[in-house]
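K.L.:
predicted model, plus sequence, below.
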Amino acid sequence: MDTLIFIVTATIAAGTAIVLAALGELVVEKSGVLNLGVEGMMLVGAVASFAATAQSGNALAGIATGMLAGMAMALLFAFLTLTLMANQVACGLALSIFGVGLSAYFGRAYVNIVLPTQQNLAIPALSGIPVVGPMFFNHQPMVYVSWLLVAAVWWFLYRSRLGLKLLAVGESPASAHALGLPVNAIRYGATLFGGAMAGLGGTFLAVMYTPMWVEGMTAGRGWIALALVVFGTWRPVRIVLGAYLFGGITVAQLVVQSRGIEISSQLLSMLPYLATIVVLVFISNDKQRMRLNTPGSLGITFRPSS
């Protein structure tokens, strides 16, 4: 039972950064914008938040700085693709590569610094429930924040007026523009939100999950977040389940290694990514569901006629 509790709690922690980044990318793609720069935004958010926390000693300052750094990267992408109308795929890939290099350059001064470990927040009464309490109600505060953000994004997309406008823009920007909706303004807002969430995911990794800076510490999580948006067929709850599946496989490889089972460490390291690919192939076979949920104008540049 103790092993089960450890696996579940570790799975949730390992998947939280991906949950945050994928939720942001979900909103971006629902507006019709395809930003492939999530990995770069996460890394820039990670190094910025780590530096701010190390200098100020305040994790809240690190969170704010990480989100602002992610938004700054997203703003650059938005300017290139929405204002200058450059190709979204090319700009997203360039943003990711740029973020990797930028974070490596500014992170050199923080390689040997370790931040204080952030304490878990046990929710009164609920954390005392046998088995379930330690699994779900004794985590770092950012884990609970990620759950609240999942609910908030779901409500925003499917229950709020602004969210419905965003969905309309993502489906048919020309029709939305004809109805008087500010297409590019809505897409700018969605892109900045995606950058803030990617920065927050990087912040969680650097300040709370590991708490140290390591070059390339996201280890492909930004790309996994992109894949999970498709894996979850653009649905918030399914994206969360996919993120925890990735986290669970990551934790499972650690459990296997700790038990002394003789399996190549390289094979174990590739399992989370291999599982993601297999699931994506399986999901892509359901073409009807994919067509139903894919934003109609995803990745297509919109040029207003007036």
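P.N.:
On my side now, so go ahead.
K.L.:
need phi/psi at Ala122.
P.N.:
Backbone torsions of Ala122, given as degrees, to the nearest 10, read phi -80, psi 120.
K.L.:
partners of it in the sheet?
P.N.:
Asn138 (DSSP bridges).
K.L.:
pretty sure Ser127 sits against Tyr144.
P.N.:
No. In this structure, Ser127 is not within contact of Tyr144 by Cβ atoms under 8 Å, at 11.6 Å. C-beta: built from backbone N, CA, C; applies to glycine.
K.L.:
quick one: low-confidence parts of this protein?
P.N.:
257, 260, 265, 283-284, 286-287, 289-290, 305-306 (pLDDT under 70).
K.L.:
could you pull out the helices for it?
P.N.:
Listed in chain order, the helices of the chain (DSSP state H) span 2-30, 38-56, 59-78, 88-106, 132-136, 141-159, 161-171, 173-178, 183-203, 221-231, 236-258, 265-284, 287-293.
K.L.:
buried deepest among those helices, which one?
P.N.:
Comparing those on average neighbours per residue, with mean count of other Cβ atoms under 10 Å, the densest one is helix 38-56 at a mean of 28.
K.L.:
helices or strands up against that helix?
P.N.:
Counting contacts by 3 or more Cβ pairs under 8 Å, 6 or more residues apart in numbering; DSSP states H and E, helix 38-56 packs against helix 2-30, helix 59-78, helix 88-106, helix 183-203, helix 221-231.
K.L.:
okay, that helix in CSV with CA atoms only?
P.N.:
Coordinates of the C-alpha atoms in helix 38-56 are reproduced here as CSV (Å, rounded to 0.1, in the frame of the first residue of the first chain):
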residue,chain,number,x,y,z
VAL,A,38,6.2,25.3,-25.8
GLU,A,39,9.5,23.6,-25.0
GLY,A,40,11.4,26.9,-25.4
MET,A,41,8.9,28.9,-23.4
MET,A,42,9.0,26.3,-20.5
LEU,A,43,12.8,26.5,-20.4
VAL,A,44,12.9,30.3,-20.4
GLY,A,45,10.2,30.4,-17.7
ALA,A,46,12.2,27.8,-15.7
VAL,A,47,15.5,29.7,-15.7
ALA,A,48,13.8,33.1,-15.1
SER,A,49,11.8,31.8,-12.2
PHE,A,50,14.9,30.0,-10.7
ALA,A,51,17.0,33.1,-11.0
ALA,A,52,14.3,35.3,-9.4
THR,A,53,13.7,32.8,-6.6
ALA,A,54,17.5,32.4,-5.9
GLN,A,55,18.0,36.2,-5.8
SER,A,56,14.9,37.1,-3.8
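K.L.:
that'll do, ta.
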